[in-house]
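**Student:** When you get a sec, could you give me coordinates for this:
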Amino acid sequence: MSSNQYEAVIGIETHIQLKTKSKIFCADATNFEASDNENASAISAGMPGTLPVLNKEVVEMAIRTGLALNCHIRKDSVFSRKNYFYPDLPKGYQISQYDKPICENGFVEIWLNGKHQKVSITRAHLEEDAGKSTHFGDYTLINLNRAGVPLLEVVSGPDMHTAQEAAEYGRTIRQIVRYLDVCDGNLEEGSLRCDVNISVRKKGQQTLGTKVEIKNINSFRFIEKAVEYEFERQVDAVESGQKIIQETRLYDPDKNRTFSMRTKEDAEDYRYFPDPDLLPVILTDEKISSHKKNLPEMPSVKMQRFMSQLELGESDALFLTSEKNIADYFENVFLESNNAKSSANWVTTELMRELNSRNVKIEDSPVEAKRLGQLIQLIDKKTISGKIAKTLLIEMWTNSKGPEEIAKEKNLTALNDSSQVEKIVQQVIDDNPDQAAEYRSGKTKIIGFFVGAVMKASRGQAQPDLVNQLLLEKLKGP
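**Tutor:** Coordinates of the predicted model:
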């Protein structure tokens, strides 16, 4: 039986490292670049007699994230102990939330193939991270710098069915938390990690198959690859009469396959119970409302606004809202230029080309948004041509003056005097009689040759509209 007769059922658990300077239950630092065990006090090391104290900022960030994910924020959430034994978990349990998470029953909208698709959020709960084990043959080294780092685990519903949906969901979650500035979203450093749950069933079937968890995937491309591989693996297993077991697997990107890590525990295996050292988190309606009022405009809403109010195309709106810094820069360019489409074109093409070639982030661009907006204004006023504007953009990279001042200093202002441009046009036609004859014989596409020649002769300063007008007039002759 073909795999086309099966569908995948996918849910994702996203671990978001909250962007606090200290850990969730103690004052230990959270900086990634610290040397091994530099950020490990007696509390991080799980020493007897130490007590956790909840970091207020962690709760604030969780509320904001939950609201952005359209979740209900619980007024009373509880921390529990999740008991399991592993060398990098020194207490023998992880402090997490179980039956009363701080956020629940939300959703996000992903944009895929030109359509919005809603994915439910079952819950988002706070917990502490474990440490890190590094294995060297017959011995293991433990680094407790990550132990106690605050995490918000966002659990989606089993609403996705393709590898592309799963990857786009991951990108959307990352985009949201970066807009909120609650997480840097650095997948390489583990600031955002995805565990993918996948099962297979025949199309049309309602019951779920046995799910398999693929742990700690650190890129969205790998999410796609891992899901594609695991789907085919499970279909092959079912078709050959094998039983899918509930387990945790790891994805090997070099071999493009998943392999078994351990059998998957159920909730009862962790023996959850409320942590006796931590009081319930009690929130008021006023606290939740104040956070809701101060949320920034979310990327999906901003994208729709760019398309409906500024009349931008889908691809431009998608790119410009992909990162908050890009969206902010574009809006500041537009405020200065008052030309949304030109602002979008210059940001997405000319500016991004220069930024990428120099490996510079847009927030560090030496060409500020206001100056780029002024450059676009000069084009719209026909003070400079588009070609000259590209030259000016390069000049502005190392020159802090305004574009109009630079253009005057470099003698790069547009040539608007029709009598001067007419002389250049006539000279180009006189120098190319064979091409002029071709045009007059009906081969009108050769007009592009003349436009290019005139622009070259005028050092790019002649206004293209005027050049085209004069060429059409002059080339009508015998």
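**Student:** Please count neighbours and contacts with C-alpha atoms only from this point.
**Tutor:** Noted.
**Student:** Mind naming the longest helix for the protein?
**Tutor:** Longest helix in the chain, counting residues (DSSP state H): helix 220-239.
**Student:** what's near enough to touch the residue nearest to K225 when sequence neighbours are not counted?
**Tutor:** Leaving out its chain neighbours, the residue that sits closest to K225 by Cα to Cα, 6 or more residues apart in numbering is N256, at 7.0 Å. Contacts for N256 were tallied using Cα atoms under 8 Å, 6 or more residues apart in numbering; they are 225-226, 229.
**Student:** Report all helices and strands that the longest helix of the chain contacts.
**Tutor:** helix 163-180, strand 192-202, strand 257-263 (3 or more Cα pairs under 8 Å, 6 or more residues apart in numbering; DSSP states H and E).
**Student:** S22 contacts D28, doesn't it?
**Tutor:** Yes. Contact status for S22 versus D28: in contact at 5.3 Å, counting by Cα atoms under 8 Å.
**Student:** what's the neighbour count on the nearest residue to I282 once chain neighbours are set aside?
**Tutor:** Residue nearest to I282 in three dimensions, not counting chain neighbours: D76, with 4.7 Å by Cα to Cα, 6+ apart. Using other Cα atoms under 10 Å, D76 has 13 neighbouring residues.
**Student:** 25 is where my numbering starts, stick with that
**Tutor:** In the new count, where the first residue is 25, that last one comes out as D100.
**Student:** most tightly surrounded among the helices and strands packed on helix 244-263?
**Tutor:** Per residue and on average, the most neighbours among the helices and strands packed on helix 244-263 fall to strand 216-226, with a mean of 23 (mean count of other Cα atoms under 10 Å).
**Student:** next structured bit after that one?
**Tutor:** With elements assigned by DSSP states H and E, the helix or strand that comes after strand 216-226 is strand 236-241.
**Student:** who touches that next one?
**Tutor:** The set of residues external to strand 236-241 that reach it, using Cα under 8 Å, 6+ apart, is 217-223, 247, 250, 269-275, 282, 288.
**Student:** Mind doing that once more with 10 Å?
**Tutor:** Contacting residues not belonging to strand 236-241 are listed as 34-39, 211, 214, 216-224, 247, 250-251, 254, 258, 268-277, 282-285, 287-288 [Cα atoms under 10 Å, 6 or more residues apart in numbering].
**Student:** do the same with stretch 343-352
**Tutor:** Under the contact criterion Cα under 10 Å, 6+ apart, stretch 343-352 has outside partners 195-196, 198-200, 202-205, 320-328, 330, 338, 340-342, 353-355, 357-358, 368, 371-372, 376, 385-388, 393.
**Student:** All the helices of the stretch 75-224 of the chain, residue numbers only.
**Tutor:** With helices called from DSSP state H, counting those that start in this stretch, the stretch 75-224 of the chain shows them at 80-92, 187-204.
**Student:** Distance to P427 and mean pLDDT added to those, as JSON lines?
**Tutor:** Listed next are the helices of the stretch 75-224 of the chain as JSON lines, based on distance: least, Cα to Cα, whole Å; pLDDT from 0 to 100:
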{"stretch": "helix 80-92", "distance to P427": "40", "mean pLDDT": "98"}
{"stretch": "helix 187-204", "distance to P427": "31", "mean pLDDT": "97"}
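**Student:** could these be laid out in CSV, adding distance to S443?
**Tutor:** Formatted as CSV, these follow (distance: least, Cα to Cα, whole Å):
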stretch, distance to S443
helix 80-92, 60
helix 187-204, 53
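**Student:** which stretch among these comes nearest K469?
**Tutor:** Judged by Cα to Cα, the one of the helices of the stretch 75-224 of the chain that comes nearest to K469 is helix 187-204, at 43.1 Å.
**Student:** Return the residues in contact with the most centrally placed residue in the chain.
**Tutor:** Centroid-nearest residue in the chain: Q199, 4.1 Å away (criterion: Cα atoms, centre = their mean). Residues in contact with Q199 (Cα under 10 Å, 6+ apart) are 193, 205, 207-209, 322-324, 345-348.
**Student:** Only the buried members of those: can you turn that into a PyMOL selection?
**Tutor:** Entered in PyMOL, the line below selects the buried ones among the contacts of Q199, by 16 or more other Cα atoms under 10 Å:
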select buried, resi 193+205+207+208+209+322+323+324+345+346+347+348
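**Student:** pull the CA atoms of stretch 417-437 into CSV?
**Tutor:** Written as CSV, here are the backbone C-alpha positions of stretch 417-437 (Å, rounded to 0.1, in the frame of the first residue of the first chain):
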residue,chain,number,x,y,z
LEU,A,417,23.1,54.3,-1.5
ILE,A,418,26.7,52.9,-1.7
GLU,A,419,28.1,56.4,-1.0
MET,A,420,25.8,56.8,2.0
TRP,A,421,27.4,53.6,3.6
THR,A,422,30.5,55.6,4.5
ASN,A,423,29.1,59.2,4.3
SER,A,424,26.8,60.3,7.1
LYS,A,425,25.4,63.3,5.2
GLY,A,426,21.9,63.5,3.7
PRO,A,427,21.5,62.0,0.2
GLU,A,428,20.6,65.4,-1.4
GLU,A,429,23.8,67.0,0.0
ILE,A,430,25.9,64.1,-1.2
ALA,A,431,24.3,64.2,-4.7
LYS,A,432,25.1,67.9,-5.0
GLU,A,433,28.7,67.4,-3.8
LYS,A,434,29.3,64.6,-6.2
ASN,A,435,27.4,66.3,-9.1
LEU,A,436,24.9,63.4,-9.2
THR,A,437,21.7,65.4,-9.5
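**Student:** Which phi and psi values does T231 adopt?
**Tutor:** phi -70, psi 150 (degrees, to the nearest 10).
**Student:** residues near it, how many?
**Tutor:** T231: 8 neighbours (other Cα under 10 Å).
**Student:** measure it to K498 for me?
**Tutor:** The spacing between T231 and K498, counted by Cα to Cα, to the nearest Å, is 76 Å.
**Student:** what does E254 give?
**Tutor:** On the measure of Cα to Cα, E254 and K498 end up 68 Å apart.
**Student:** Could you do F474 as well?
**Tutor:** Note on F474: its distance to K498, by Cα to Cα, is 11 Å.
**Student:** Just the CA atoms of the helix or strand hosting L490, as PDB, please.
**Tutor:** Taking DSSP H and E as the definition, one finds L490 inside helix 488-498. Extracted in PDB, the C-alpha atoms of helix 488-498 (Å, rounded to 0.1, in the frame of the first residue of the first chain):
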ATOM      1  CA  PRO A 488      14.400  58.000 -17.900                       C
ATOM      2  CA  ASP A 489      10.900  59.300 -18.600                       C
ATOM      3  CA  LEU A 490      12.300  62.300 -20.500                       C
ATOM      4  CA  VAL A 491      14.800  60.000 -22.400                       C
ATOM      5  CA  ASN A 492      12.000  57.700 -23.500                       C
ATOM      6  CA  GLN A 493       9.800  60.700 -24.600                       C
ATOM      7  CA  LEU A 494      12.600  62.300 -26.700                       C
ATOM      8  CA  LEU A 495      13.800  59.000 -28.200                       C
ATOM      9  CA  LEU A 496      10.200  58.200 -29.400                       C
ATOM     10  CA  GLU A 497      10.000  61.700 -31.000                       C
ATOM     11  CA  LYS A 498      13.400  61.600 -32.700                       C
END
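**Student:** residues in contact with it?
**Tutor:** 406, 409-411, 438-442, 445-450, 452-453, 460, 468, 471-472, 474-476, 478-479.
**Student:** Among those, name the buried ones.
**Tutor:** Among those, those classed as buried by 16+ other Cα under 10 Å are 406, 409-411, 438-440, 445-446, 448-449, 452-453, 460, 471, 474-475, 478-479.
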